[in-house]
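>>> Need the 3D shape of this:
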Amino acid sequence: METIRTTVTLPVDLVKAADQAIRAGKARNRNELLVIALRRELAAQRPAEIDADLAAMADDLELQAEAEQIECEFVQADDEARRLAISES
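Alright, predicted model coming up:
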C-alpha cells in the first residue's frame with residue numbers, strides 16, 4: 001500500500017488515550033491506530049452520504065419525470081406480457 005507522510009496535531013488527552021490503547025494491544029503504534037480509526041470513521045460516514053444523495057433525488061424534478069417515464073414503460077411491457085400469456089393459454 002502506498003503511503004504519504006503527514007503531520008497531525010492532536011489534543012494531549014487523545015494522544016494519552018491512543019498510547020493506552022496501543023499498550024493494550026489495540027494497535028502496534030500510533031500510525032496504525034490512526035489508520036484504523038480513519039477507516040472506521042470514513043466507513044461510518046458513507047451511509048449518511050448515500051442517504052443525503054437519495055434525499056436530494058426526491059427533489060429532482062427531472063429525475064422524477066424520468067422515473068415516471070420508465071414506470072410507464074414497465075406497465076406497458078407488463079400488460080403486453082399478460083396479454084401474451086392469456087393468448088397462449
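>>> contacts and neighbour counts: CA atoms only from here.
Will do.
>>> need the helices for this protein, in chain order.
12-23, 30-58, 61-88 (DSSP state H).
>>> Export those helices as JSON lines, with columns for distance to Ile4, mean neighbour count and mean pLDDT.
Formatted as JSON lines, these follow (distance: least, C-alpha to C-alpha, whole Å; neighbours: other C-alpha atoms under 10 Å; pLDDT from 0 to 100):
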{"stretch": "helix 12-23", "distance to Ile4": "21", "mean neighbour count": "13", "mean pLDDT": "98"}
{"stretch": "helix 30-58", "distance to Ile4": "12", "mean neighbour count": "12", "mean pLDDT": "92"}
{"stretch": "helix 61-88", "distance to Ile4": "40", "mean neighbour count": "11", "mean pLDDT": "87"}
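>>> Could you point out which of those sits nearest Thr6?
helix 30-58 (10.4 Å; C-alpha to C-alpha).
>>> Which elements pack onto that closest one?
helix 12-23, helix 61-88 (3 or more C-alpha pairs under 8 Å, 6 or more residues apart in numbering; DSSP states H and E).
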